[in-house]
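> Here's my sequence, what's the structure:
(one chain, ligands or ions: 1)
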Amino acid sequence: MTGVVERRIGYVPKVFVYPDGPQLVASVAGRLATRVAALQAEKGTASVVLTGGRTGIALLAELTAGSGHSAVDWSRVDFFWGDDRFVSSDNPDRNARQAYEALLDHLPVDPRRVHVMEPANGRFGYDPDAAAAAYEELLVRYGDATGGPLFDICLLGVGEEGHVASVFPDSPAVHEERRMVVAVRDCPKPPPTRISLTLPTIRRSDQVWLITTGAAKAEAVAAAVCGADQRSLPAAGARGLDCTLWFVDAEAARGLSRR
Ligand SMILES: O=C1O[C@H](COP(=O)(O)O)[C@@H](O)[C@H](O)[C@H]1O
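Below you'll find the predicted structure:
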């Protein structure tokens, strides 16, 4: 990991800064494969929450291309999503579709373990609330079956204004304490209707890995790492039970050195 700077800020979160995006995704892909293989060696399976977004999808493509993936038994990984866009399944905006193209189509995954959020042309038609409720039910069943933390690793991208999954600043979703999964409407970033895990559900992950690149993210990264209010900066509320790791490139880390 040439040129990687590691900074500890209090106990958590831990921030890893890379010179650029390609070095970041190469390193995080290797780390993810190693962690998943270790979890499988320890308990037989692993659960990973996937993210959309440019860096998140680049990470999945790197995982497919790199050599580290051979250490993992992909048929024993449960895949979930932090959020998806409530559009038709064939819409290129779908996070699930992008994840299939970048990773899942290329690996011997068990389709029964790939837990996609319902699209707008799915089982419930155009009813995002029913789609969110169905995903919540699935998580409840999964949680009952596994016990302990819901997810081993939750990958999250970060928006310029600090959103994670589809939990946007000062939105109804950021105030949600009871529901595990919600329908999100009127998103400031298109498409406007989405399904998202809530922050309390994200916090049921053993490890939360936030990955982001570019100068446009610098302010959000600095504020979240320094403990901003999650209502105005949801990324600040994305924490893991065991650890919270931030993987950022030098541009996105710029604001950290100013604090
Ligand atoms: O809309 C979304 O955006 C974020 C971040 O995307 P990026 O392209 O700025 O990295 C992503 O994490 C989220 O899953 C997605 O639905």
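
> where in the stretch 1-150 of the chain is pLDDT low?
Applying pLDDT under 70 to the stretch 1-150 of the chain flags residues 1-11, 147.

> Enumerate every residue touching the residue of it found nearest the ligand.
Residue nearest to the ligand within the stretch 1-150 of the chain (C-beta to the nearest ligand atom): Gly53, separated by 2.6 Å. From N, CA and C alone the C-beta is placed, and that goes for glycine too. Gly53 makes contact with Gly157, Gly159, Thr212 under the criterion C-beta atoms under 8 Å, 6 or more residues apart in numbering.

> What is the nearest of the residues you listed to the ligand?
Nearest member of these to the ligand, counting by C-beta to the nearest ligand atom, is Gly157, at 2.5 Å.

> Chain neighbours aside, what residue packs nearest to that closest one?
Gly53 (3.1 Å; C-beta to C-beta, 6 or more residues apart in numbering).

> quick one on the thing from earlier: go through the contacts of Gly53 and flag which are in strands.
Secondary structure assignment by DSSP state E places Thr212 of the contacts of Gly53 in strands.

> Among the contacts of Gly53, which one has the most neighbours?
Thr212 (31 neighbours; other C-beta atoms under 10 Å).

> for the stretch 151-259 of the chain, what spans make up the strands?
Here the stretch 151-259 of the chain has its strands, by DSSP state E, counting those that start in this stretch, at 151-156, 181-184, 194-197, 205-212, 243-249.

> Tell me which of those strands lies nearest to Asp73.
For Asp73, the closest of those is strand 151-156, at 14.2 Å, according to C-beta to C-beta.

> Mind giving me the packing neighbours of the closest one?
helix 21-43, strand 46-50, helix 54-65, strand 205-212 (3 or more C-beta pairs under 8 Å, 6 or more residues apart in numbering; DSSP states H and E).

> Just send those back as JSON lines, with distance to Thr244 too.
JSON lines is the format used below for those (distance: least, C-beta to C-beta, whole Å):
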{"stretch": "helix 21-43", "distance to Thr244": "14"}
{"stretch": "strand 46-50", "distance to Thr244": "14"}
{"stretch": "helix 54-65", "distance to Thr244": "16"}
{"stretch": "strand 205-212", "distance to Thr244": "5"}
